[in-house]
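Trainee: pasting the sequence and the predicted coordinates here, then a few questions.
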Amino acid sequence: MDLKYTDAAPTDAEREAVDALLGPPPSGWEGAAERSDEDLRWARGGAAAARDRRDQLLPALHAVNDRVGWISEGALDYICRRLTVAPAEAYGVATFYAMFAVRPRPAKVLHVCTDLACAARGSAAVCADLTERHGPAGTPAEGTVWQESPCLGLCERAPAALLLRAGTDPDLRSSREIQPLGGGPGRSPGEFEERGSGGGAPEEPAAAATRCSAVLAPATAPALVAAIRAPLDVPQEPPPAAAVPRSGDPALVLLKRIGTVDPASLDDYRSTGGYSALRRAFALGPAGVIREVLEAGLVGRGGAAFPTGRKWQATAQQADGPHYLVCNADESEPGTFKDRVLMEGDPYALVEAMTIAGYAVGAHRGYLYLRGEYPRAYERLAHALTSARTRGLLGPDVLGQGYAFDIEIRRGAGAYICGEETAIFNSIEGQRGEPRSKPPFPVEKGLFGKPTVVNNVETLVNVLPILEHGAAAYAATGTETSTGTKLFCVSGQVDRPGVYELPFGANLRELLDLAGPPERLRAVLLGGAAGGFVRPDELDVPLTFEGTRAAGTTLGSGVVLVLDDSVELPRVLLRIAEFFRDESCGQCVPCRVGTVRQEEALHRIVDRTGAGAAQDIALMREVGQAMRDASICGLGQTAWNAVESAIDRLGVYR
């Protein structure tokens, strides 16, 4: 590793932001202002110590970006000295994420969503109006820069925008994450230390980096301009229950607490049965918990539908250790927002479910990889973790059972590819968030090269009703191969967008009837940008993994984007192609080149008909098949799906 540091120096604010996270530099070799005589005689640590610190790179970049608004050369150099990371490598990581900037920009950044659901609700007009009132995208004005953004996960309130402001104003301060100290592979399972503020934890240092956020949804240009000028005056976000049209319905299972309990109150959570599942888990033992999950037939809710119990069992059986648990809360599929609603409205459920999963697989540390665009979910989860530690529900002796477990929040920074399970590992470890080739699989060599279980939020929360009511009762809901209930994210041209919970086996027509479909339905996109379209005459398709596969589409993560005949489908397809081009990590040639060729062909088809369009469609089929067959991960493998289904099922471009 060639450590070629620069002569650039950090500002006082940048140094304070990093030191608030990492503590003061222990020696001149690690960034102290001067080297002592002792420093000149010997250097502490070594390669092993540097590897153990590398996983703090992403949090350190967040600290500076949150404090100043961008990451200067001096700040990057200081981070590299503190962590013994080559500046070239750190630069590659910093430029990988869309939420970071390595060039000067204002402290306030306005992200205006232009993705599928927001586009269907008029985001193009909002952007045009904002350009006229405030200036073009990317042009600083009034101490703010605005930019078009991929999906912000606020689809039920489309069109949406998110305003982020860097700084340390005490009135804007958010709760820092309370987490196990460090996190590298060298730490023992029982080493826990709290950081942050609130709930009896040590107070946050005054110089710590914080970020004010303001969600504006539905967004209008006048409201955005007003928020730019006075962000503290924006309307307060509606409660999470506003995203659940059937809130309070006794038939709900996963959503039953949202709108009925205070998400900030641990006592409220426990009064409605909270932590009874964890107590039963301790009574069953790790093997018993896994057996219940297997017998319940729970499969992953992120789209792959892999049996959860088999994944847990394979990890628990690995002799190598320590084992890790990772919760994939980087919900970035356009049109998906169910995990955000769960985290904002019922955060303790996720904390309890992660504790159960960690106990079952023999993990003592869990990582909650949270999407960077979810500030309220971050606040709720940070508070829930602090409360759980204070009450003995996390830490070195959970519920007095002699089991040590704690959870660390790691924020993503705007990279769709980090929703892929192995890309999460690289991101947490301080590398670029690029997927790894498999095998080896995560259950064998995952985070820090150790056996790791990765589940998304919805999958983990399903474990609670399994243990509360038993595997047989859980499996009695749904179908033989798709058991339990499923959360669906309904957006687009419907009367009541939001998260709906239905038993597996209900059909698409039933779901749309609940949401209020448009009079002139054109198509429904299932599964998001990586999914497929359904025609108005195919609404009886059963909403199960096997049912949608048989119908030639996919259930995916539960996206249901409803489009009427006012929407220009070619424009929707072009946006999907642009999304995959932007979000490809570029690691493998089929995806890096194929997503660009797909977008180019779609641009050409707009101006061509007849034989010319047919040639481009033939080219896209060839490129799409190459991506499907040869891409390293699911991004490239599914980038052609929605375009293909629109051409073949909806007759677009004919």
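Mentor: Yep, it's here.

Trainee: shaky segments in the stretch 201-350 of the chain?
Mentor: For the stretch 201-350 of the chain, the stretches flagged by pLDDT under 70 are 201-211, 232-233.

Trainee: going along the chain, name the helices of it.
Mentor: With DSSP state H, counting those that start in this stretch as the criterion, the stretch 201-350 of the chain has helices at 221-229, 266-271, 276-296, 308-316, 338-345, 347-361.

Trainee: may I have the first one exported as CSV, CA atoms only?
Mentor: So that's helix 221-229. In CSV, the C-alpha atoms belonging to helix 221-229 read as follows (Å, rounded to 0.1, in the frame of the first residue of the first chain):
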residue,chain,number,x,y,z
ALA,A,221,-41.5,24.9,-6.5
PRO,A,222,-42.8,27.7,-4.2
ALA,A,223,-42.5,25.4,-1.2
LEU,A,224,-39.0,24.3,-2.2
VAL,A,225,-37.8,27.9,-2.7
ALA,A,226,-39.3,28.8,0.7
ALA,A,227,-37.5,25.9,2.4
ILE,A,228,-34.2,26.9,0.7
ARG,A,229,-34.5,30.3,2.3
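
Trainee: next, the angle from the host helix or strand of L164 to helix 221-229.
Mentor: Secondary structure from DSSP states H and E places L164 in strand 161-167. For strand 161-167 against helix 221-229, the angle by axes from the mean of the first three to the mean of the last three CA atoms, to 10 degrees is 10 degrees.

Trainee: packing partners for strand 161-167?
Mentor: Applying 3 or more CB pairs under 8 Å, 6 or more residues apart in numbering; DSSP states H and E, one finds that strand 161-167 makes contact with helix 57-68, strand 108-113, strand 210-216, helix 221-229. (Glycine included, C-beta is placed from N, CA and C.)

Trainee: for L393, which of the ones you listed is the nearest?
Mentor: Nearest to L393, of all these, is helix 57-68, at 24.0 Å by CB to CB.

Trainee: average model confidence for the closest one?
Mentor: Average pLDDT, helix 57-68: 96.

Trainee: tell me the strands beside the strand holding L164, with direction?
Mentor: Paired with strand 161-167 in the same sheet, following DSSP bridges, are strand 108-113 (antiparallel), strand 210-216 (antiparallel).

Trainee: ok so, going back, the helices and strands packed on strand 161-167: which one's closest to G395?
Mentor: Closest among the helices and strands packed on strand 161-167, using CB to CB: helix 57-68, at 20.7 Å.

Trainee: following element in sequence after the closest one, please.
Mentor: Using DSSP H and E, the helix or strand that follows helix 57-68 in sequence is helix 73-83.

Trainee: tell me the angle that next one makes with helix 57-68.
Mentor: Orientation check (the same axes, to 10 degrees): helix 73-83 against helix 57-68 gives 140 degrees.

Trainee: any chance of the helices and strands packed on strand 161-167 in JSON lines, with mean neighbour count too?
Mentor: Below are those laid out as JSON lines (neighbours: other CB atoms under 10 Å):
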{"stretch": "helix 57-68", "mean neighbour count": "25"}
{"stretch": "strand 108-113", "mean neighbour count": "24"}
{"stretch": "strand 210-216", "mean neighbour count": "22"}
{"stretch": "helix 221-229", "mean neighbour count": "18"}
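
Trainee: nearest approach to S265 belongs to which of those?
Mentor: Closest to S265 of those, according to CB to CB: strand 210-216, at 22.5 Å.

Trainee: quick one: low-confidence residue ranges for this structure.
Mentor: Using pLDDT under 70, the chain drops low at 1-3, 28-29, 33-50, 169-211, 232-233, 607-611.

Trainee: show me where it has its strands.
Mentor: Counting by DSSP state E, the chain has strands at residues 108-113, 144-149, 161-167, 210-216, 323-329, 363-370, 406-411, 452-456, 485-492, 498-503, 521-526, 532-534, 559-564.

Trainee: how far away is E468 from I407?
Mentor: Computed with CB to CB, to the nearest Å, the distance linking E468 and I407 is 21 Å.

Trainee: among the two, which residue is more densely surrounded?
Mentor: The residue with more neighbours, out of E468 and I407, is I407; 25 against 14, by other CB atoms under 10 Å.

Trainee: wait, that one touches M354, no?
Mentor: Yes: counting by CB atoms under 8 Å, I407 touches M354, with 5.8 Å between them.

Trainee: now do the shared contacts for the two.
Mentor: Common contacts of I407 and M354 (CB atoms under 8 Å, 6 or more residues apart in numbering): 366, 368.

Trainee: tell me the contacts of I466?
Mentor: By CB under 8 Å, 6+ apart, I466 lies in contact with 277, 292-293, 296, 298, 474.

Trainee: list just the nearest of those to G547.
Mentor: L298 (17.8 Å).

Trainee: residues near that closest one, how many?
Mentor: By other CB under 10 Å, the residues close to L298 number 25.

Trainee: in the sheet, who's paired with A161?
Mentor: Here A161, judged by DSSP bridges, has bridge partners V112, L216.

Trainee: can you count the residues close to it?
Mentor: Using other CB under 10 Å, A161 has 29 neighbouring residues.

Trainee: contact partners for the most centrally placed residue in the chain?
Mentor: Centroid check for the chain by CA atoms, centre = their mean gives D330 as the closest residue, at 1.1 Å. Counting by CB under 8 Å, 6+ apart, D330 touches 369-371, 412, 415, 418-419, 424.

Trainee: dihedrals phi and psi, it?
Mentor: Note on D330: its backbone torsions stand at phi -90, psi 70 [degrees, to the nearest 10].

Trainee: mind checking how far it is from I617?
Mentor: Separation of D330 from I617 (CB to CB) stands at 33 Å.

Trainee: with G273 instead?
Mentor: From G273 across to I617, the span is 54 Å (CB to CB).

Trainee: higher neighbour count, these two?
Mentor: Per other CB under 10 Å, whichever of G273 and I617 has more neighbours is I617, with 19 against 13.

Trainee: okay but the more buried one is in contact with A646, surely?
Mentor: No: taking CB under 8 Å as the definition, I617 is not a contact partner of A646, at 10.9 Å.

Trainee: contacts for stretch 84-103, please.
Mentor: 1-6, 30, 45, 49-50, 53-54, 57-58, 61, 65, 69-73, 76-77, 79-80, 83, 150, 372-373, 412-415, 430-433, 585.

Trainee: which of these are buried? Put it as a ChimeraX command.
Mentor: Command for ChimeraX that selects the buried part of the contacts of stretch 84-103, burial taken from 16 or more other CB atoms under 10 Å:
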select :30,50,53,54,57,58,61,65,69,70,71,72,76,77,79,80,83,150,372,373,412,413,414,415,430,431,432,433,585
